[in-house]
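Student: fold the following for me, if possible:
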Amino acid sequence: MNKLHFFILALGVFENTNGVSIEKDSIENAIKIEDAPFVAVVLEKNSKKTWYLASILSEYWLLSINGYLTTPGSNVTVWTGVDVLHSNGQEHVVDYIISQELTAKTDTNYTQVALIKLKKPIVFGDKQKPISLAEPHKKLKPGNKVKVFHYTNIYFSDRSTDEKKPLKLSSLEIVSSEKCNSRLESYYKNNTDYSDDDKITITENNKMFCTEAVRRPCLPDFGSPAVFNGKLVGFSWFGLIPCGGYPILFNNINFYYNWVMEQVPELKKRSI
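Tutor: Okay, here's the model as predicted:
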C-alpha cells in the first residue's frame, strides 16, 4: 500500500509540574498511567523510536498489532508504567512474539495481530495491571463510545520522535459500516494512488470496527487500546487525514478472542 500523507498539527509546548515539556494541545485530555495501567509501549531496541502500543493481558503476555514486529522479537523492547513517553517507566525484555497472519482480502496485512511474551513477569501495581478481553458475544453498536489510550497524535511522523508526550485519553464513537464505507469511498475518490486491492471495505461481520473522533486528537498510535465498559474491545491500526472527516479503524477483539485464549491458556483461569 502506498504511504498515507498525514497532516501535522502545529502544537505548542508547556512545562508540567514535573518539569517535562509536553504538548499544549494535550492539556485537556492528558491522564496518569494509573488511569490505564494496562497500556504498554513497544520501542525499537537501542533507540527511542516508538513502534506500537500494546495491552497487558497477564504478567507475561501483551497483545498488539503485528506490523513490523519480528519473531522472536529481538528488535524491540517493552515499557510499562509510562506516564510520559521517553521519560519514565519500567523496561522489559521480550522473549518471543506469536503472530497471527490473516490472508483474506477484507482483512489486509494491517489486521495482523501479535502476542508478545516477556522473559520475566511484570510485577503488578498501581501503574502496571492487566486488562480483560471483552467477551465475544458482547457486540459494539453504532453510537457506542470507546475510550482510546495513546501518546502521539499522528502515526508515522509523530511516532518516530523522542519528544516527551503524556498518556492521553480520547473518546471515539462507533459508526455503522455503511457510514464508514461512504467516508472511505469519498477519500479514495480524492486520492487516486490507491489500487482496488488497497481499498478497504467494512462489513458488519468484519474483523474491524469503525470510529470517528468525538474530541481531539483523532489519530492515536498504532495498537492504541480501545476500551468499552472496562474491557479491551480493540486496538487501532488505520486512520486518514484530515482529522474529523474520515474514519479510524480498529481491530475487533471479538474475532481474535479464541485465538488469544488458545495461545495463552493462563487467561482462561481468570474471570474474563
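Student: quick one: buried residues of the strand ranked longest in the chain?
Tutor: Secondary structure assigned by DSSP state E gives strand 90-100 as the longest strand of the chain. Under the neighbour-count criterion of 16 or more other Cβ atoms under 10 Å, strand 90-100 has 92, 94, 97-98 buried. C-beta here means a position set from N, CA and C on the backbone, and glycine is covered the same way.
Student: now the element after the helix ranked longest in the chain, going C-ward?
Tutor: Looking across the chain with DSSP state H, the single longest helix is helix 177-190. Note on helix 177-190: by DSSP states H and E, the next helix or strand toward the C-terminus is strand 208-213.
Student: which neighbours in the sheet does that next one have, and how are they oriented?
Tutor: strand 168-175 (antiparallel), strand 248-252 (antiparallel) (DSSP bridges).
Student: hang on, residue 141 in a helix?
Tutor: No - counting by DSSP: H, G, I helix; E, B strand; the rest coil, one finds residue 141 to be coil, located in no helix.
Student: hmm, it is touching residue 176, no?
Tutor: No - the pair residue 141 and residue 176 does not pass the contact test of Cβ atoms under 8 Å, sitting 9.0 Å apart.
Student: between those two, which has more neighbouring residues?
Tutor: Set side by side, residue 141 and residue 176 show more neighbours around residue 176, with 14 against 8, by other Cβ atoms under 10 Å.
Student: residue contacts, the more buried one?
Tutor: Residue 176 makes contact with 142, 210 under the criterion Cβ atoms under 8 Å, 6 or more residues apart in numbering.
Student: model confidence for it, exactly?
Tutor: Looking at residue 176, its pLDDT reads 88.
Student: got the contact list for residue 88?
Tutor: So residue 88 contacts 81-82 (Cβ under 8 Å, 6+ apart).
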